[in-house]
Structure formats: structure tokens, C-alpha cells
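A.B. asks: Structure for the following, please:
(chains A and B)
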Amino acid sequence: GQQLNQSPQSMFIQEGEDVSMNCTSSSIFNTWLWYKQEPGEGPVLLIALYKAGELTSNGRLTAQFGITRKDSFLNISASIPSDVGIYFCAESGNTPLVFGKGTRLSVIA
Amino acid sequence: ETGVTQTPRHLVMGMTNKKSLKCEQHLGHNAMYWYKQSAKKPLELMFVYSLEERVENNSVPSRFSPECPNSSHLFLHLHTLQPEDSALYLCASSQAVGEETQYFGPGTRLLVL
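C.D. replies: The predicted structure follows:
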């Protein structure tokens, strides 16, 4: 089946630092999505990417759809404590979403 | 605020119990989903409903029985569960199946003893 590989699995960073995480796949996909899940809540959509090479920003978040359509990265600039959570990538081809295992982000104030 | 609510938020049940999870979406969507989230594993899609019809069942054991009486409500009936079924069960909805913007509820944390 389709698999998404996210790295790193977890990160501990100092408040104010920039964060980078990525997601790769063995298959080509049409849409890349990034979700964030806070403790005790369901995932919330952060950014959706639709075109190879597309770079999209949402406040301090920036995500890019890789040229090969097999990868994507998410950057968070100037991290703050409320950035804590698990960040999931997901892809959408012609089937319902497939999710990666997530990157768990901890921010030390 | 996601517009998708789930009850209960927490549930503890024995292996012989029967219980039901409820999901309600207030977004006017036509597709609803059940996911299972276990520690250190990706989100696992369980069931997909489109306009109250089940369109996907990802080899889920029969001890999980979904029900979709209308496009706003989705249930997951549980009976004779196993301890390994303990997980966070998430409901989601989207405008249509395959529509990538899925909105998730807060989940029901289930513990099977």
C-alpha cells in the first residue's frame, strides 16, 4: 500500500528557533496536505499544496510541494510554545487520505 | 472550531460490553469517515460514508459496526472488543469523498480492559 515517510519522528527545539520537517513517498500524488494535532484534539488542516513546485505560506508556516511530486516539506519560523503538537503530512490521489506517522514537536520556552 | 463533534470524549469498556461512539457534523458535508489512531502508528482509515452509503471498509473486524442514519450523523457500534482496540477514534467529514479538506472531530479516547 501507499506509505508516507515523515522525518524526523520527534523534535525538541528552543522557542524562537526555526523548524523544518519533511515527508516523502514512493508514489506520485496530486495533493499534499499538512495537518497539526494538538493534545486531546483531532488534526487540523494547516496547508494544502496542489502543484509540483508550489510554495505556500500561512503565517509563520511555509510548505512546498516537491518537483517530483513525491515529497513535501513544512517549515515553521520563530517557533512559539503553542506550536507544540504532532504534524502530519497526508496525500490525496484518487483515494481517501493516507497519513504519515507524524513529527512530534516540543518547544522549550 | 471544527464543526465536527464527537461523544463521548473518553470511554472505558470491558471486552464483553457494547457501546456506541457518536459523531455529528454541522458543516453540510456529504462524506463522513471513521479513523483509528494508535500510538506510534499512522492514522488508519476504517470506514467511509458518502450520502449515508458505505463506500469503503478497510478490512475492519466485524466487532466494529458503523451506522450512518443521515449525512450529519455517524455512529460506530462496538461489541466484544479486544485490549488492542484501545485507541483514539476520530471522525471526520468532507464535502465529498476524495475532497482533500477533511475536518476532524476531537476524537473519543477508548480504553478496553
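
A.B. asks: just the strands in the chain please.
C.D. replies: In the absence of a named chain, chain A is used. A:4-7, A:10-14, A:19-25, A:31-37, A:44-49, A:55-58, A:61-65, A:71-76, A:85-92, A:98-99, A:103-108 (DSSP state E).

A.B. asks: meant chain B, my bad for not saying
C.D. replies: B:4-7, B:10-13, B:18-25, B:31-37, B:44-50, B:53-57, B:64-70, B:73-79, B:87-94, B:103-104, B:108-112.

A.B. asks: Mean pLDDT lowest where, among the ones you listed?
C.D. replies: Mean pLDDT is lowest for strand B:53-57 out of these, coming in at a mean of 82.

A.B. asks: what angle do that strand and strand B:31-37 make?
C.D. replies: If you take axes from the mean of the first three to the mean of the last three Cα atoms, to 10 degrees, strand B:53-57 sits at 30 degrees to strand B:31-37.

A.B. asks: so does strand B:53-57 get close to chain A?
C.D. replies: Yes. Strand B:53-57 comes into contact with chain A (Cβ under 8 Å from any Cβ of the partner chain), by way of B:Glu56. Just so you know, the C-beta spots here come from the backbone N, C-alpha and C atoms, and that holds for glycine as well.

A.B. asks: quick one: strands adjacent to that strand?
C.D. replies: Sheet pairing of strand B:53-57 (DSSP bridges) gives strand B:44-50 (antiparallel).

A.B. asks: Any idea how far the partner strand is from the middle of the chain?
C.D. replies: Relative to the chain's own centre, strand B:44-50 is displaced by 8 Å; criterion: Cα atoms, centre = their mean, to the nearest Å.

A.B. asks: same check, this time on stretch A:11-21
C.D. replies: Between the mean C-alpha location of stretch A:11-21 and the chain-wide mean there is a distance of 14 Å, by Cα atoms, centre = their mean.

A.B. asks: which stretch among the strands of chain A comes nearest B:Leu88?
C.D. replies: Counting by Cβ to Cβ, B:Leu88 lies closest to strand A:31-37 out of the strands of chain A; the figure is 9.5 Å.

A.B. asks: Tally up the residues packed near residue 97, please.
C.D. replies: The chain I'm using is chain A. Counted by other Cβ atoms under 10 Å in any protein chain shown, the residues lying close to A:Leu97 total 24.

A.B. asks: right idea, wrong chain: chain B
C.D. replies: 17.

A.B. asks: Quick one: name the residues of chain B near chain A.
C.D. replies: With Cβ under 8 Å from any Cβ as the criterion, chain B meets chain A at residues B:2, B:4, B:33, B:40-43, B:45, B:48, B:56, B:90-92, B:97-98, B:100-107.

A.B. asks: Chain neighbours aside, what residue packs nearest to the residue of chain B found nearest chain A?
C.D. replies: When you check chain B against chain A by Cβ to the nearest Cβ, the closest residue turns out to be B:Phe104, at 3.1 Å. If you skip the residues right next to it in sequence, B:Phe104 has A:Gly42 as its closest partner in space, 3.1 Å away by Cβ to Cβ, 6 or more residues apart in numbering or on different chains.

A.B. asks: Which residue is the nearest non-sequential neighbour of A:Leu97?
C.D. replies: Once its chain neighbours are removed from consideration, A:Leu97 has its nearest residue in A:Ala90; the separation is 4.6 Å (Cβ to Cβ, 6+ apart).
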